[in-house]
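Undergrad: mind folding the following:
(2 chains)
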Amino acid sequence: MRIIAALHEKGRAAYLSHLDMQRTLQRALRRADMPLMYSQGFNPHPLMAFAGALSTGYESEREWFDVRLDGEVAPAAFEARLNAVLPEGMAVSHAMEAPENLSTLTGHLAAARYTLWVRPEKTVSAAEVSSALQKLLQSEELMVQKRTKSGAMVPQNIRPQLYEARLTEGDGASFTLDVLGELTAGGGLRTEAFVNVLLDFLGSAGSFRCRREEMYFDDLPGLPCLGKGKHE
Amino acid sequence: MTEEVLTSLLQQVEKPARYIGGEYNMQLKAQADLRFALCFPDVYEIGMSHLGSRILYHVLNGMEGVRCERCFAPWTDMERALKAAGEELFTLESRAPLKSFDIVGFSLLYEMCYSNVLTMLELARIPFLARERGEDCPLVIAGGPCAVNPEPIAAFFDAIVIGDGEEAEPELVNAYRAWKRAGESKAQLLERLAAIPGVYVPSFYEAEYGDSGFVGIRRLSEKAPEKVTRRILKNLDAAPFVGEQLVPHMQIVHDRVALEVMRGCTRGCRFCQAGYIYRPVRERSEETLLRQAEQLVACTGYDEISLLSLSTGDYSRLHALLPEIMDRMEKKRVSVALPSLRVDSLLKEELDKMQSIRKAGLTFAPEAGTQRMRDVINKNVTEEDLLRACSDAFESGWNGVKLYFMIGLPTETDEDVLGIAELAKKVSRLFYSLPKEKRGKGLRLTVSVSTFVPKPHTAFEWCAQDEPEEIRRKQRLLVGAMKGVRGGELHYHPSFLSVLEAAFSRGDRRLGDVLIRAHEKGCRFDSWSEHFKPDAWQEAFRECGLTVEEYAHRQRSLDEKLPWSHVDVVVTEEYLKKEYEKAMAAVTTKDCRQGCNGCFGRAYADYCGLA
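TA: Residues are numbered from 1 along each chain as shown, chains lettered A, B, ... in the order given. Below you'll find the predicted structure:
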């Protein structure tokens, strides 16, 4: 059977790299004595995959993953057994049996919602942030520099990947954003690039923290979905 | 440390996972009357791979009312970030500053991490010198194999544990608690500590120097023993092990379950400090090992287990243990690694089985290229042993073999150096002489050549180390000779680091000042080539009126007083002298499993089960 579930990663767990996270989940699955299925070859590894990679330093409310089991485990038991052996800051939820025809979760991935806590170096009022967001959303192009695999910098327009952005809190010293953007196997909205564009627009440097709140999928019953045509 | 400060620090470093803690099986007791900071003067990936620290973490946290937390040397990016933020070095568990602990204890695994001890003390805002630390400072202690010559670092520590820590550390902790309850002065604490067997309190001794350097050590207090005798854990089978082994998030150097099958080694290689200072050999029973293996795999989720010891092939029940443990582990999809097999103890059957689970490189350590040289160092393996082991390995499908050698050994000639390439050539020919269907694709033969460093408490403790010029000449000789070896690849290292290592391993107390100078000149992470500053070290020696050459390259006479002579590691000086003389005559000494060689002398003969 195949199980889909969501892994919650908060606090210290945010600082794990994607590879660390894979290793940590695999070991937890082994501690939970799950009947794992393994890949072939010299270095067999459990058949387990996250839908997407999460940047180091980002928290996540739900990182969806799937795992193949050589035997039946009820989703509720899967959650309970795994949660008993996960390290601090991690927990699984929303376990369900995967649809028969699922190839990969990544193939269905469409978008993600983020909370961004931004701390600009200079004081920025809530009104200024709101108006900046409005302007950014109205423009057709938001150009950033992107580093390619070869290390060269190339211009990139991130506006098509930005679906929604709104201010939820702001007190001058810091502000909080709710952002929805594209997330697919091929890439998606780089939240870091978006924050930099916004801070540039506000004329300030600054730092930020990020939490992925939800991931959205197309054509996968039971998983969060934005609804067809909404962002096309 | 606040969440916000920590976040900002973590955002400035390349590998934040080094500093976050929170690993599975981490211990954080709510109630504790004694807090112990277990420090390792290298980065997390290395420190977390150290079995001794893991055992102590388990032992100390197993004591009622004791909370043991970890702290590793911050990489230079974190050091910069801490300094810029005005923050102190903190532990992983509770993120408390080191200075707030009762006891700060360092594990000293190799001399080239001494500079990091100073970096850590500086970042903790704890004065370097024990005599400058007030009553409000934590007790700063050390242990580990480097402690057998504690002199170069004596000034920095209040007390140093020599030998096995499983029993000595709890005794030390209890002595500290009794002292705290009694409300006595720090001087009284040191007296209590000096009374514990195996604990060295440097301030109770004074080194004396003459025109030619070190002449002797004088005891200043009746409360301290004349000689500090190494602590020896008698019963390893009943001793605590790592218990619930921590499972790091990030990949560490030895990222697997470590199962210590025995401690000590009976081979008697004359260059090997571990071979002398972990005597006698003590084994765990098969039943204990199988039980611990299952327990460790279950509580960690690791998919690899390593049977650890100085020479696992010599474990007396290996033939019975291996098939059983492999069988049990295979069912759980756990592979079994044997890290320190000797060429003469290899077993073809086991190799075949290991190959079926996971393919990794095989490593052999002939140490020297000619039989004469191997006799000098008492590495009792023959060329035949090595070739047979390689042939078994190749026929089982292995095609990666690593051979470890040393150059600069006492009495070494060019013929011995070239013998290394000769041996490599024979291994290569052996591989390519096998029919294609009986061997793997292409040979990967790594020949790794390190520079011999004479160590205290070994048969070579009096020997001069080859000078860098001579080492470079020998390396060049080898590079030329290795050219025709098909599939062969030569690895060797620049030699000044081993010169420094030689100086510090046999140094005296005057090197404490050198360390402080070197620290001021920015020396840290010396064993990391990108940070190693040979010129700064040379300057530091010069400014202290010393030379690194005097320490590293001088031949000592057998009747000279050595700076570590007040440390009794239980192997007698007479025995070492006898071994030295046999070495010079290229006469071997038999494995002590074949009969006692009398290394412990009369006083401790009953410590060894083989005697």
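
Undergrad: remind me which residues of the stretch 1-150 of chain B are low pLDDT?
TA: For the stretch 1-150 of chain B, applying pLDDT under 70 flags no range at all.

Undergrad: one more pass at 90, please.
TA: By pLDDT under 90, the weakly predicted segments of the stretch 1-150 of chain B are B:1-4, B:7.

Undergrad: that one against chain A: which residues are in contact?
TA: B:7-8, B:10-11, B:16-17, B:20-24, B:26 (CB under 8 Å from any CB of the partner chain). Every C-beta, even on glycine, is put in place using the N, C-alpha and C of the backbone.

Undergrad: now a ChimeraX select for only the buried ones of those.
TA: Here is the ChimeraX command that selects the buried residues among those (16 or more other CB atoms under 10 Å in any protein chain shown):
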select /B:7,8,10,16,17,20,21,22,23,24,26
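
Undergrad: for the residues of the stretch 1-150 of chain B next to chain A, work out which two are farthest apart.
TA: The span of the residues of the stretch 1-150 of chain B next to chain A, defined through CB to CB, is set by B:8 and B:24 at 26.5 Å.

Undergrad: circling back: residue A:166: which of the residues of the stretch 1-150 of chain B next to chain A is nearest?
TA: residue B:7 (24.1 Å).

Undergrad: what separates the closest residue to that closest one other than its chain neighbours from residue B:22, distance-wise?
TA: Leaving out its chain neighbours, the residue that sits closest to residue B:7 by CB to CB, 6 or more residues apart in numbering or on different chains is residue A:209, at 6.7 Å. According to CB to CB, to the nearest Å, residue A:209 and residue B:22 sit 17 Å apart.

Undergrad: repeat for residue A:36
TA: Counting by CB to CB, the gap from residue A:36 to residue B:22 is 24 Å.

Undergrad: and if you look at residue B:322?
TA: Residue B:322 is 36 Å from residue B:22, by CB to CB.

Undergrad: for the closest residue to chain B within chain A, what is the enclosing helix or strand?
TA: Among all residues of chain A, residue A:27 sits closest to chain B, at 3.3 Å; criterion: CB to the nearest CB. Assigned by DSSP states H and E, residue A:27 belongs to helix A:18-31.

Undergrad: quick one: strands adjacent to the helix or strand following that helix?
TA: Using DSSP H and E, the helix or strand that follows helix A:18-31 in sequence is strand A:48-50. Sheet pairing here is set by DSSP bridges, and for strand A:48-50 it gives strand A:59-68 (antiparallel).

Undergrad: show me where the stretch 151-300 of chain B has its strands.
TA: Per DSSP state E, counting those that start in this stretch, the stretch 151-300 of chain B carries strands over the ranges B:159-161, B:199-200, B:205-210, B:213-219, B:228-229, B:257-260, B:262-263, B:282-283.

Undergrad: and residue A:159, which of those is closest to it?
TA: strand B:257-260 (50.7 Å).

Undergrad: sheet-wise, list the partners of that closest one with their directions.
TA: Short version: by DSSP bridges, strand B:257-260 pairs with strand B:304-308 (parallel).

Undergrad: what residues does the stretch 151-300 of chain B put near chain A?
TA: So the stretch 151-300 of chain B meets chain A at B:247, B:249-251, B:298-300 (CB under 8 Å from any CB).

Undergrad: now do the helices in chain A.
TA: A:18-31, A:75-83, A:126-138, A:191-202 (DSSP state H).

Undergrad: tell me the domain boundaries of chain A?
TA: If you go by automatic domain parsing, the domain ranges for chain A are A:2-102, A:108-217.

Undergrad: turn the ones you listed into JSON lines, columns for mean pLDDT.
TA: Below are those laid out as JSON lines (pLDDT from 0 to 100):
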{"stretch": "domain A:2-102", "mean pLDDT": "95"}
{"stretch": "domain A:108-217", "mean pLDDT": "94"}
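
Undergrad: roughly how far does residue B:521 sit from residue B:379?
TA: 39 Å.

Undergrad: residues near residue B:47, how many?
TA: Using other CB atoms under 10 Å in any protein chain shown, residue B:47 is surrounded by 24 other residues.

Undergrad: got a list of what it touches?
TA: By CB atoms under 8 Å, 6 or more residues apart in numbering or on different chains, the contact set of residue B:47 is B:40, B:53, B:70, B:72-73, B:107.

Undergrad: from residue A:13, how far off is it?
TA: For residue B:47 relative to residue A:13 (CB to CB), the value is 21 Å.

Undergrad: again, but for residue B:90
TA: 19 Å.

Undergrad: rewinding a little: greatest separation within the residues of the stretch 151-300 of chain B next to chain A: which pair is it?
TA: Maximum distance among those (CB to CB): 22.3 Å, for B:250 and B:298.

Undergrad: give me the more crowded residue out of the two.
TA: A count of neighbours by other CB under 10 Å puts residue B:250 above the other of residue B:250 and residue B:298, at 21 against 14.

Undergrad: does that one touch residue A:17 like I think?
TA: Yes - if you go by CB atoms under 8 Å, residue B:250 and residue A:17 touch, sitting 7.4 Å apart.

Undergrad: what do those two both touch?
TA: residue B:17.

Undergrad: may I ask which helix or strand of chain B has the lowest mean pLDDT?
TA: Among the helices and strands of chain B, helix B:348-357 carries the lowest confidence by mean pLDDT, DSSP states H and E, at a mean of 57.

Undergrad: check which helices and strands the next helix or strand along the chain from it sits against.
TA: Sequence-wise, the next helix or strand downstream of helix B:348-357 (DSSP H and E) is strand B:362-367. Helices and strands touching strand B:362-367, by 3 or more CB pairs under 8 Å, 6 or more residues apart in numbering or on different chains; DSSP states H and E, are helix B:383-395, strand B:400-407.

Undergrad: which parts of the first one are buried?
TA: Of all the residues in helix B:383-395, those buried under the rule 16+ other CB under 10 Å are B:383, B:385-394.

Undergrad: which residues in the stretch 501-611 of chain B form helices?
TA: B:511-520, B:534-543, B:548-553, B:573-584 (DSSP state H, counting those that start in this stretch).

Undergrad: adding distance to chain A, mean pLDDT and mean neighbour count, write the ones you listed out as a markdown table.
TA: Below are those laid out as a markdown table (distance: least, CB to the nearest CB, whole Å; pLDDT from 0 to 100; neighbours: other CB atoms under 10 Å in any protein chain shown):
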| stretch | distance to chain A | mean pLDDT | mean neighbour count |
| --- | --- | --- | --- |
| helix B:511-520 | 29 | 98 | 21 |
| helix B:534-543 | 32 | 98 | 17 |
| helix B:548-553 | 40 | 96 | 20 |
| helix B:573-584 | 43 | 97 | 17 |
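
Undergrad: so which of those gets nearest residue B:162?
TA: helix B:573-584 (16.0 Å).
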